[in-house]
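Novice: predicted model, plus sequence, below.
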Amino acid sequence: MGRKYLALFRSAWMLSLEYRAEGVVWMMTNLMSIIMLVVWLSISHGGPVGGFSSGDFVAYYMVGLIVRQVTGVWASWGLSDDIREGALSPQLVRPIHPIHRHVAANWAEHVMRLTMLLPIVAVVLIITPDARLYLTPISIAAFMLSLLGAWLVSFLSDYAIGILSFWTSQATAFTQAMQGLKVVFSGILAPLQMFPAAMQGALNWLPFRYMLAFCNEILLGQTRDERLLFGLAVQWAWVLFFFILVRILWKLGARSYGAVGA
Amino acid sequence: MRYIKLIGLFLKANILVELEYRANFIAHSLVSLGWVSITIIGTTVFFTQTDTIGGWTFYETLVISGLFTLMGGLIQMLLQPNIQKIIEMVRVGTMDFVLTKPVNSQFMASMRYAQLFSLVDVIAGGVIIAFALGRIGFSPDGLTLLLFAVMLLMAVVIVYSIWMVMATCSFWFVKVGNLTELFNSVYDTGRFPVSTYQGVLRIVLTLVIPIAFITTFPAQAILGKLEPGMFVGALVMGAVMFAFSAWFWRYAIGRYSSASS
């Protein structure tokens, strides 16, 4: 399994190098969160806003950039195309589940984007005087665990939507709707604490918080102790939910796909 | 006169194309409305914590959101499809067909195509502006509307000129797609009043890549807060940029040796 992954990873890495320009474009789309940050800074000039000092905003959006690169997923597009055009058939007879190819491609892209992004984020965090991260052994370990969980929730939910292509040709519309919801409710746009109090309950139970904001909050020291444990429990419950969903949908989908006979 | 007739013909051709993809129209409308709501939510979140950003109240900022959506729609409808076509024509070599037509080549190259379903964004932007003005309780008089119309026209001219210059660059560079993507990112700053941005950034957004002239200043015009200096500035900026884009286009096609000959 490890060797197979290495081979898949290497070929995906080559491909991503070829399309480096598109990686740059992806970076540019992060500009919207940077603009949001700049606006927050202009508001928090006089004092903390909603419990965030200027430094906290910088730290939040910088960590957010990293988390967003790690949890960025687009496998459902490729999967939709493959299913529609029949390119999935040769992949099905290979001795490895097609999902692993998408995972490898996803991570090759992540590694490349992170190597571009990490130095920038590090410099910004160092030169911003009061941008402090809450770094303890527990918070770092919890952050890594939540990051893995955030990627799994993002990837598996996206993949589940992609599998819908077995039945409909409009699955990418669902993907886009999902991305839109993610931009607003995962904390890419603004820290979730800034949303009205009436929404906080729903935000805590929906999967979106666990795709990004939750990780940021851990590293900023805003979510600790029991709230941290509660968050991790909800997050990994979503991981389990989407994992089972993907397995069931895939089984049903692959069966009906086989019936068409390609 | 001939040019007006041509625009009519282009429009007819575009409508015919559009009618073939009606499902596409509905899907696009939904996606557009989704983005419009993200724009509005993004603005609203700030005002749960503060009363003004950059000296603008919530509904005043909403006017800017409306203009941002409206101009974004115009860009997608009129500029993006033509610019993509220009880039492609230069690469493939079919630009010759445009140059040999007996009309102004810049007109022909930049007016031919339209993505009509982006009209949804233009309308949504207009609705947001009208709604925000209604909530402020400001009903603009004739002069204000006239000033707004002129400022809006200048905004269109400025955006058009920027896109034309980027498209013209394709005579030298193949990957102009990245350039337009860069512009789209910078255009994103137009969601908020230019006074939100500090220092060098504000100067760049006013004078170098004049996003302020596209959303902030027209918004000030419709709110009746336009300073005379900005009005003159918009006229000068529009004229200079349009003249430059036209000169740059002529310069480029003067040096263009077609791909086929």
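Specialist: Okay, I see it.
Novice: and stretch A:236-256, how far out from the chain middle?
Specialist: A distance of 18 Å separates the centroid of the chain from that of stretch A:236-256, by C-alpha atoms, centre = their mean, to the nearest Å.
Novice: who's in contact with that stretch?
Specialist: Identification of contacts with stretch A:236-256 by C-beta atoms under 8 Å, 6 or more residues apart in numbering or on different chains yields A:92, A:99, A:149, A:152-153, A:156-157, A:159-160, A:163-164, A:166-167, A:207, A:210. In short, each C-beta sits where N, CA and C put it, glycine included.
Novice: same thing but 10 Å
Specialist: Here stretch A:236-256 makes contact (C-beta atoms under 10 Å, 6 or more residues apart in numbering or on different chains) with A:83, A:88, A:92, A:97-99, A:145-146, A:148-167, A:205-211, A:257.
Novice: using CSV, write out every CA atom in that stretch.
Specialist: Output in CSV follows, covering the C-alpha atoms of stretch A:236-256 (Å, rounded to 0.1, in the frame of the first residue of the first chain):
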residue,chain,number,x,y,z
TRP,A,236,-14.8,13.0,14.3
ALA,A,237,-18.5,12.0,14.4
TRP,A,238,-18.8,13.9,11.1
VAL,A,239,-15.7,12.1,9.8
LEU,A,240,-17.3,8.8,10.6
PHE,A,241,-20.7,9.8,9.1
PHE,A,242,-19.2,10.9,5.8
PHE,A,243,-16.9,7.8,5.7
ILE,A,244,-19.9,5.5,6.0
LEU,A,245,-21.9,7.6,3.6
VAL,A,246,-19.1,7.4,1.0
ARG,A,247,-18.9,3.6,1.4
ILE,A,248,-22.6,3.1,1.0
LEU,A,249,-23.0,5.5,-1.9
TRP,A,250,-20.0,4.1,-3.7
LYS,A,251,-21.3,0.5,-3.4
LEU,A,252,-24.7,1.5,-4.7
GLY,A,253,-23.2,3.7,-7.4
ALA,A,254,-20.6,1.2,-8.7
ARG,A,255,-23.4,-1.4,-9.0
SER,A,256,-25.6,0.8,-11.1
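Novice: list the buried residues in it.
Specialist: A:236, A:238-239, A:242, A:246, A:249-250, A:253-254 (16 or more other C-beta atoms under 10 Å in any protein chain shown).
Novice: next one: stretch B:32-52
Specialist: B:32, B:34-36, B:38-40, B:42-47, B:49-50, B:52.
Novice: hey, where'd the helices end up in the chain?
Specialist: Using chain A here. Per DSSP state H, chain A carries helices over the ranges A:2-18, A:20-29, A:31-43, A:54-71, A:75-85, A:88-92, A:98-127, A:137-163, A:171-185, A:197-205, A:213-219, A:225-260.
Novice: actually it's chain B I care about, not the one you picked
Specialist: B:2-19, B:22-47, B:58-74, B:80-92, B:95-99, B:105-111, B:119-136, B:142-168, B:177-187, B:199-203, B:216-222, B:228-254.
Novice: for residue B:155, which non-adjacent residue is closest in space?
Specialist: In space, and not counting its chain neighbours, residue B:155 is closest to residue B:214: 4.6 Å by C-beta to C-beta, 6 or more residues apart in numbering or on different chains.
Novice: what sits against residue A:122?
Specialist: A:62, A:66.
Novice: quick check: mean pLDDT across stretch B:41-52?
Specialist: Computed over stretch B:41-52, the mean pLDDT rounds to 86.
Novice: how far away from the center of its chain is it?
Specialist: 25 Å.
Novice: repeat for stretch B:54-64
Specialist: 20 Å.
Novice: hey, C-alpha coordinates of that stretch in PDB?
Specialist: Only the C-alpha atoms of stretch B:54-64 are listed here, as PDB (Å, rounded to 0.1, in the frame of the first residue of the first chain):
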ATOM      1  CA  GLY B  54     -14.100  53.500   6.700                       C
ATOM      2  CA  GLY B  55     -16.800  56.100   7.700                       C
ATOM      3  CA  TRP B  56     -19.600  54.300   5.800                       C
ATOM      4  CA  THR B  57     -22.700  53.100   7.500                       C
ATOM      5  CA  PHE B  58     -24.300  49.700   6.800                       C
ATOM      6  CA  TYR B  59     -26.700  50.700   4.000                       C
ATOM      7  CA  GLU B  60     -24.100  53.000   2.500                       C
ATOM      8  CA  THR B  61     -21.800  50.100   2.300                       C
ATOM      9  CA  LEU B  62     -24.600  48.000   0.800                       C
ATOM     10  CA  VAL B  63     -24.800  50.500  -2.000                       C
ATOM     11  CA  ILE B  64     -21.100  49.600  -2.700                       C
END
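Novice: distance between the worst-scoring helix or strand of chain B on mean pLDDT and the chain's centre?
Specialist: In chain B, the helix or strand scored least confidently by mean pLDDT, DSSP states H and E is helix B:177-187, which has a mean of 74. The chain centre lies 12 Å from the centre of helix B:177-187; the measure is C-alpha atoms, centre = their mean.
Novice: so that helix versus helix A:31-43, what angle?
Specialist: Orientation check (axes from the mean of the first three to the mean of the last three C-alpha atoms, to 10 degrees): helix B:177-187 against helix A:31-43 gives 30 degrees.
Novice: could you check the angle helix B:142-168 makes with helix B:177-187?
Specialist: 150 degrees.
Novice: show me what helix B:177-187 is packed up against.
Specialist: Packing partners of helix B:177-187 (3 or more C-beta pairs under 10 Å, 6 or more residues apart in numbering or on different chains; DSSP states H and E): helix A:20-29, helix A:31-43, helix B:58-74, helix B:80-92, helix B:142-168.
Novice: output that helix as PDB, restricted to C-alpha atoms.
Specialist: What follows is helix B:177-187, C-alpha atoms only, in PDB (Å, rounded to 0.1, in the frame of the first residue of the first chain):
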ATOM      1  CA  GLY B 177      -5.200  34.400 -18.400                       C
ATOM      2  CA  ASN B 178      -3.100  34.900 -15.200                       C
ATOM      3  CA  LEU B 179      -3.200  38.600 -15.700                       C
ATOM      4  CA  THR B 180      -7.000  38.800 -15.900                       C
ATOM      5  CA  GLU B 181      -7.100  36.500 -12.800                       C
ATOM      6  CA  LEU B 182      -4.900  39.100 -11.000                       C
ATOM      7  CA  PHE B 183      -7.300  41.800 -12.000                       C
ATOM      8  CA  ASN B 184     -10.200  39.900 -10.600                       C
ATOM      9  CA  SER B 185      -8.500  39.500  -7.300                       C
ATOM     10  CA  VAL B 186      -7.800  43.200  -7.100                       C
ATOM     11  CA  TYR B 187     -11.300  43.900  -8.200                       C
END
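Novice: outside of stretch B:103-112, which residues touch it?
Specialist: Counting by C-beta under 10 Å, 6+ apart, B:2-3, B:6-7, B:9-11, B:13-14, B:78-79, B:81-83, B:85-86, B:89-90, B:95, B:97-99, B:101-102, B:160, B:163-164, B:167-168, B:245-246, B:248-250, B:252-253 sit against stretch B:103-112.
Novice: please point out which parts of that stretch sit buried.
Specialist: Buried residues in stretch B:103-112 (16+ other C-beta under 10 Å): B:106, B:108-112.
Novice: C-alpha coordinates for it, CSV please?
Specialist: Extracted in CSV, the C-alpha atoms of stretch B:103-112 (Å, rounded to 0.1, in the frame of the first residue of the first chain):
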residue,chain,number,x,y,z
VAL,B,103,-14.8,48.4,-39.3
ASN,B,104,-12.7,49.6,-36.4
SER,B,105,-10.8,46.5,-35.3
GLN,B,106,-10.9,47.3,-31.6
PHE,B,107,-14.7,47.8,-31.8
MET,B,108,-15.0,44.5,-33.7
ALA,B,109,-12.8,42.6,-31.3
SER,B,110,-14.2,43.8,-28.1
MET,B,111,-17.9,44.1,-28.8
ARG,B,112,-18.7,40.9,-30.7
